[in-house]
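Colleague: Sequence plus predicted model, see below.
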Amino acid sequence: MRLLYFAWVKEKTGVAAEEVELPPSVTTVGELMDWLKTRGPEFADAFARTDVVRAAIDQTHVRHDARLAGAYEIAFFPPVTGG
């Protein structure tokens, strides 16, 4: 699965994009964020406030309870403010 990180999520993880193989226990966006936190302090920091991190599956915004089955790409980004 391809993971994309944007804005401060990318800055904190130090990664813009990566290919990962998820454990079978990871079936939702929320579970994916919890799993990502276990990958090191930079990921734990980036996903410390999962309530503000937004996600998109295959370029469609989704809630954290969205299922990952069949997904090709998951993107993570902080909320965007306008001006």
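Modeller: Cool, the structure landed. What you see is a predicted model, and the numbers here were worked out from it, not measured in a lab. Residues are numbered from 1 along each chain as shown.
Colleague: alpha carbons only for contacts and neighbour counts from here, please
Modeller: Noted.
Colleague: what's near enough to touch residue 47?
Modeller: Residues touching residue 47, when contacts are defined by CA atoms under 8 Å, 6 or more residues apart in numbering, comprise 9, 33-34, 36-37, 53.
Colleague: hey, what's residue 67 bridged with?
Modeller: Per DSSP bridges, the residues bridged to residue 67 are residue 28.
Colleague: shift numbering so it begins at 13
Modeller: Sounds good: first residue 13 from here, last item residue 79.
Colleague: just the buried members of the contacts of residue 59?
Modeller: Judged by neighbour count, with 16 or more other CA atoms under 10 Å as the criterion, the buried members of these are 21, 45-46, 48-49, 65.
Colleague: now this protein, which segments are flagged as low pLDDT?
Modeller: Of all residues in the chain, those with pLDDT under 70 make up the ranges 93-95.
Colleague: contacting residues around residue 67?
Modeller: Residue 67 makes contact with 41, 73-76, 86-89, according to CA under 8 Å, 6+ apart.
Colleague: so of those, which ones are in strands?
Modeller: 73-74, 86-89 (DSSP state E).
Colleague: quick one on the thing from earlier: buried members of the contacts of residue 67 into ChimeraX, please.
Modeller: In ChimeraX, a selection of the buried entries from the contacts of residue 67 looks like this (16+ other CA under 10 Å):
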select :41,76,86,87,88,89
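Colleague: Understood, closing this out.
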